[in-house]
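Novice: coords please:
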Amino acid sequence: MRLLILGGTEFVGRAIADEALGRGWEVAVFHRGRHPAPPGVTDLIGDRTAPGGRAALARGTWDAVVDTWAGAPRAVRETARLLAGRAGHYVYVSSRSVYAAPAPAGLAEDGPLVDGAPGDGDADYARAKRGGELAAAESFADRALLVRAGLILGPGENIGRLPWWLRRIARGGPVLAPGPRGLALQYIDARDLAAWAADAVEAGRGGAYNLVSPPGHTTMGGLLAACVRATGGPAELRWSDPEAILAAGIEPWTALPIWLPPGELYDTLHRGDVAKALATGLRCRPVAETVADTWAWLEGLGGVPPQRPDRPVVGLAPDVEAAFLRG
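Specialist: This next block holds a predicted model:
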């Protein structure tokens with residue numbers, strides 16, 4: 001297999017590159033040169049948002065293209081048009097954010113979607129991802145595979161959600177643990193996403209798939225307990241009810257990454273239907289493995305994770321946490 005990854009140097013793109021290389025595929029990565037390319041790939045430098053920036057893609061043929069773009073859909077449209085006659089499939093890593101809010105629990109791939117346009121030059125995240133889907137399908141039709149990922153965790157994470165919990169728990173002391181302890185979580189390890197996507201490319205699949213673990217693959221208690229075990233830190237988890245956390249003005253998802261209290265947004269993020277992906281071979285590794293491997297990766301970086309410049313820094317300020325725990 002010959003694979004072209006648009007990106008391929010960070011997190012999800014890098015996980016897909018590693019998976020493809022591990023299968024013995026020929027891999028090319030097209031990127032802006034801000035991060036080193038994985039060893040063993042063909043390195044193509046360019047910026048598809050700049051005039052003439054796609055010159056490195058003017059020649060070559062591939063069995064599949066993987067695109068993780070989250071910006072203006074126009075960039076996906078122009079790249080897909082350029083590659084339509086020289087690539088077999090177009091895998092667009094989208095998001096479950098493309099579903100119209102509120103997305104009820106159990107929503108499958110045929111649920112209502114936000115508006116989006118393939119030619120948009122600017123849009124919010126949900127509309128941009130939907131526009132990217134339409135752009136891929138415009139040029140590749142049923143050869144476009146739309147991977148609607150949920151929360152993505154694992155080694156290489158450059159958003160900071162799981163890294164924040166690991167670093168906080170490693171620091172030790174009383175830790176605000178948002179409850180309930182048995183709150184079911186739904187997420188995908190980037191490496192499991194990569195393995196499923198590679199299988200889907202080999203099988204020639206197209207269309208939309210929700211790609212995230214089954215609801216309740218782990219719980220908030222299971223995740224934080226795994227963080228305690230992985231770090232070996234002397235942390236004391238102080239479980240607190242959602243009502244008290246919200247009353248204190250502590251923001252779910254941003255101040256307390258991954259966590260959402262029960263309600264509409266929780267149903268959207270942690271209770272999606274993934275029967276279609278499971279039926280096509282999605283396998284999700286245990287949370288303990290994801291957590292331990294992410295901690296090992298963090299330690300290899302000296303404990304300081306990368307941070308995407310286009311995303312806000314997440315996590316709860318120590319003084320706010322301490323004030324809450326004092327009651």
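Novice: in the helix of greatest length in the chain, what counts as buried?
Specialist: When the chain is parsed with DSSP state H, its longest helix is helix 125-140. Of the residues in helix 125-140, those with enough neighbours to count as buried (16 or more other CB atoms under 10 Å) are 126-140. C-beta: built from backbone N, CA, C; applies to glycine.
Novice: and that helix, what does it pack onto?
Specialist: With contacts defined as 3 or more CB pairs under 8 Å, 6 or more residues apart in numbering; DSSP states H and E, the packing partners of helix 125-140 are helix 73-83, strand 87-95, strand 144-149.
Novice: of the ones you listed, which is nearest residue 64?
Specialist: Among the helices and strands packed on helix 125-140, the nearest to residue 64 by CB to CB is strand 87-95 (4.3 Å).
Novice: contacts for that closest one?
Specialist: 4, 12, 61-70, 76, 80, 83, 125-126, 129-130, 132-133, 135-136, 139-140, 143-150, 193, 197, 200-201, 204, 206, 208 (CB atoms under 8 Å, 6 or more residues apart in numbering).
Novice: how much space separates the closest residue to residue 321 other than its chain neighbours from residue 237?
Specialist: Using CB to CB, 6 or more residues apart in numbering and skipping residues adjacent in sequence, the residue nearest residue 321 is residue 176, 5.0 Å away. Distance check for residue 176 against residue 237: by CB to CB, to the nearest Å, it reads 9 Å.
Novice: these two - which one has more neighbours?
Specialist: residue 176 (21 against 18; other CB atoms under 10 Å).
Novice: roughly how far apart are residue 326 and residue 176?
Specialist: Applying CB to CB, the value for residue 326 to residue 176 is 11 Å.
Novice: wait, I meant residue 69
Specialist: Counting by CB to CB - residue 69 and residue 176 are separated by 36 Å.
Novice: tell me the gap between the helix or strand harbouring the residue nearest to residue 321 and the middle of its chain.
Specialist: Assigned by DSSP states H and E, residue 176 falls within strand 173-178. Distance of strand 173-178 from the chain centroid (CA atoms, centre = their mean, to the nearest Å) equals 26 Å.
Novice: report all helices and strands that that strand contacts.
Specialist: By 3+ CB pairs under 8 Å, 6+ apart, strand 173-178 packs against helix 220-231, strand 235-240, helix 242-247, helix 318-326.
Novice: list of residues touching the last one?
Specialist: What that stands for is helix 318-326. With CB under 8 Å, 6+ apart as the test, helix 318-326 has contacts from 174, 175, 176, 238, 240, 245, 248, 250, 255.
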